[in-house]
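[1] I'd like to go over a predicted model; first the sequence, then the structure.
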Amino acid sequence: MKKVGVALLGLGTVGGGTYRILKNNHDSIKKNYGVDLEIRHILEKDMTKARALGVDESIISCDINNIINDAEIKIVAEFFGGIEPAKSFLIKCLLAGKSIVTANKEMFSKYWHELEAAAKKGKAGLYFEASCVGGVPIIRTLTQSMQGNNILSLMGIVNGTTNFILSKMADEGLAYADVLKEAQSLGYAEADPTADVEGFDSMYKLSILSSLAFHTKVPLDKIYREGISKIDKIDIEYGKKFGYALKLLAIGKKQGGKIEARVHPAFVPSSHPLAAVKGSFNAVHIIGDNVGDIMLYGRGAGDLPTGSAIVSDIVFAARQDKHRHATFNNLTDKVSDRGFSKDFCCEYYIRMTVKDVPGVIAAISSAFAKNSISINSIQQQVQGQNASIIFMIHKTGERGIKKALEAIRVINTVESIDALIRVEE
Ligand code: NDP
Ligand code: HSE
């Protein structure tokens, strides 16, 4: 029986879940997968967390050298979060020949190339299933199960906090600020919710997922990002009337040899499988040229769901004789613009407030026409001296839309452009 020493960095939410699964499932993992996993050391500052889990306190410290110097430890799983000291500790472990498993999407998406260089030097493995979409086995699907396909697109709800907020706004007609408070009190959103609500968390995940899907490094600076903090509940309500659900989407597509990667709120038709993904659940919809559509759905966060992905990586790493690395050039995060699309095409929902006077729609339509933009439908609602107008725009380029809106903004009968929401079919 192969005995494999494991170390854990952190005993917070994910570390605690991982510890519990490793303890509870120790015997079944041994029986079913032929590896006897032994937790030999844990780094954690807060002893109360260790006591609550019943961890033997003699294996806890804050010193990475206790792990580096233990030759029996072959796998180190990290759930500190943040960049440092996580990154330096993991590089040290890799150079010492210990494989790493991480849930830390921010650190991983920014420093994957450095970690991979260290992994190759140390002949160690790099595993990161838990970094994207928590317990949903998306990384393994992309790396182990799609070899017979060129992936054409992946589109996902990869952040539970924002999906919880948008679902509540839609289902209960609540305002963004009120639902955010509830998400914070339930522990979904952090005290500083910026990474979730401004789309950074989704962008980190999309960088990792699209690099794997398209076998090309997709660094963060190649991803367009927009969050949900400016979403008004009125647009969710209008969207519903038009048959759409609003989601924060992470989208990667490869068309004509060029990759486009973007994170932004988008309307999807209520019949689309992603429209049914509610609350803190996540899902990723993939299209392969041979398999067609695939959708993976499940919990993208939480102690046991994320611990499930971590333990799956630990068992996987423990059973490898030789670790494999990225299929693409991963030496740097400085990648030329050449392989990336500089524009992208969508349908659009645009809401604006105008003076209710003759000629206003003609002036706006003319600005759209000058930019070769075709209007699908117009809905107007008069409110006193003003009118609220919603334009649904046929598929067109983002650049053209932005140019048209610059021209529309300065028409003296246009009071404000209140919302621009992309529509994905
Ligand atoms: P927590 O804050 O709950 O846990 C982190 C733990 O690590 C804390 O107990 C912290 O102690 C400890 N720690 C941090 N730095 C050190 C250090 N230098 N030495 C010793 N102990 C340290 O975070 P989570 O478990 O929620 O998240 C961990 C990682 O997993 C993050 O990268 C996150 O993005 C990722 N992730 C989280 C998910 C979730 O559902 N929570 C889902 C998927 C990924 P202290 O609190 O005292 O600082
Ligand atoms: N903050 C993240 C979310 C945690 O809300 O989905 C999982 O990565």
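    Sure thing, it's come through. Ligands and ions are numbered 1, 2, ... in the order given.
[2] for ligand 1, what's the nearest residue on this structure?
    Minimum separation of the chain from ligand 1 (C-beta to the nearest ligand atom) falls at G12, amounting to 1.8 Å. From N, CA and C alone the C-beta is placed, and that goes for glycine too.
[3] that residue: neighbouring residues, count only.
    14 (other C-beta atoms under 10 Å).
[4] do K395 as well
    12.
[5] what are the ranges of the helices in the stretch 201-350 of the chain?
    Shown for the stretch 201-350 of the chain, the helices assigned by DSSP state H, counting those that start in this stretch span residues 233-241, 303-318.
[6] turn those helices into TSV, including mean neighbour count.
    Putting the helices of the stretch 201-350 of the chain into TSV (neighbours: other C-beta atoms under 10 Å) gives the following:
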stretch	mean neighbour count
helix 233-241	18
helix 303-318	23
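[7] relative to S341, which of these is closest?
    Nearest of the helices of the stretch 201-350 of the chain to S341, taken as C-beta to C-beta: helix 233-241 at 26.0 Å.
[8] and the closest one, how far out from the chain's middle?
    Relative to its parent chain, helix 233-241 has a centroid offset of 24 Å by C-alpha atoms, centre = their mean, to the nearest Å.
[9] CA atoms only for it, dumped as CSV, please.
    Output of helix 233-241 as CSV, limited to C-alpha atoms (Å, rounded to 0.1, in the frame of the first residue of the first chain):
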residue,chain,number,x,y,z
LYS,A,233,-33.3,46.0,-10.3
ILE,A,234,-35.5,47.7,-12.9
ASP,A,235,-33.3,46.2,-15.7
ILE,A,236,-33.7,42.8,-14.2
GLU,A,237,-37.5,43.3,-14.3
TYR,A,238,-37.5,44.6,-17.9
GLY,A,239,-35.3,41.7,-18.8
LYS,A,240,-37.7,39.2,-17.3
LYS,A,241,-40.6,40.7,-19.3
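[10] can you list contacts of it?
    166, 169-170, 173-176, 245-246, 267, 270, 349, 351, 390, 419, 421 (C-beta atoms under 8 Å, 6 or more residues apart in numbering).
[11] tell me where the stretch 251-400 of the chain has strands.
    For the stretch 251-400 of the chain, the strands defined by DSSP state E, counting those that start in this stretch occupy 258-269, 281-288, 292-299, 345-355, 375-383, 386-397.
[12] now for the residue sitting furthest away from the middle of the chain: which residues touch it?
    In the chain, the greatest distance from the average C-alpha position (C-alpha atoms, centre = their mean) is reached by P358, at 45.8 Å. By C-beta under 8 Å, 6+ apart, P358 lies in contact with nothing.
[13] rerun that using 10 Å as the cut-off
    Counting by C-beta atoms under 10 Å, 6 or more residues apart in numbering, P358 makes contact with T413.
[14] swap in I390?
    235, 238-239, 241-242, 349-352, 377-381, 418-419.
[15] pick out the residue closest to the middle of this protein.
    S202 (3.0 Å).
[16] give me the number of neighbouring residues for the nearest residue to R409 once chain neighbours are set aside.
    Once flanking residues are discounted, R409 sits nearest to I417: 6.0 Å by C-beta to C-beta, 6 or more residues apart in numbering. By other C-beta under 10 Å, 15 other residues sit near I417.
[17] need the residues of the stretch 101-250 of the chain near ligand 1, please.
    Where the stretch 101-250 of the chain comes near ligand 1, counting by C-beta under 6 Å from any ligand atom, the residues are 103-105, 130, 134.
[18] which of the residues you listed are buried? Put it as a ChimeraX command.
    If you want just the buried ones from these in ChimeraX, going by 16 or more other C-beta atoms under 10 Å, the selection is:
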select :103,104,105,130,134
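[19] ok, so what distance separates K110 from T396?
    Computed as C-beta to C-beta, to the nearest Å, the K110 to T396 distance reads 33 Å.
[20] for G298, give me its contacts.
    Contacts of G298 (C-beta under 10 Å, 6+ apart): 133-138, 277, 281-284, 305, 308-309.
[21] check K168 too.
    174, 176, 178-180, 182-183, 233, 278-279.
[22] within the helices and strands, which one has it?
    helix 160-172 (DSSP states H and E).
[23] is that helix anywhere near ligand 2?
    Yes - counting by C-beta under 6 Å from any ligand atom, ligand 2 is contacted by helix 160-172 at 160-161.
[24] now the angle from that helix to strand 258-269?
    Counting by axes from the mean of the first three to the mean of the last three C-alpha atoms, to 10 degrees, helix 160-172 points 30 degrees away from the direction of strand 258-269.
[25] isn't S372 right up against K395?
    No - contact between S372 and K395 fails when scored by C-beta atoms under 10 Å: they sit 11.8 Å apart.
[26] from the contacts of I390, which is closest to I157?
    For the contacts of I390, the nearest to I157 is G239 (15.6 Å; C-beta to C-beta).
[27] helix, strand, or coil at N149?
    Classification of N149 by DSSP: H, G, I helix; E, B strand; the rest coil places it in coil.
[28] for it, which residues are in contact?
    For N149, counting by C-beta under 10 Å, 6+ apart, the contacting residues are 213, 286-292, 294.
[29] mind doing that once more with 7 Å?
    288-291 (C-beta atoms under 7 Å, 6 or more residues apart in numbering).
[30] ok, of the residues you listed, which come out buried?
    Using 16+ other C-beta under 10 Å, the buried members of the contacts of N149 are G288.
[31] pLDDT and distance to G257 for the contacts of N149 - can I get that in TSV?
    Below are the contacts of N149 laid out as TSV (pLDDT from 0 to 100; distance: C-beta to C-beta, whole Å):
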residue	pLDDT	distance to G257
G288	98	17
D289	98	14
N290	98	19
V291	98	21
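[32] and the furthest pair within the contacts of N149?
    Greatest spatial distance among the contacts of N149 (C-beta to C-beta): D289 and V291, at 8.0 Å.
[33] confirm for me that L296 is in contact with V284.
    Yes - L296 lies in contact with V284 (C-beta atoms under 7 Å); the separation is 5.2 Å.
[34] what's near enough to touch A261?
    A261 neighbours (C-beta under 7 Å, 6+ apart): 206, 210, 218, 222-223, 252.
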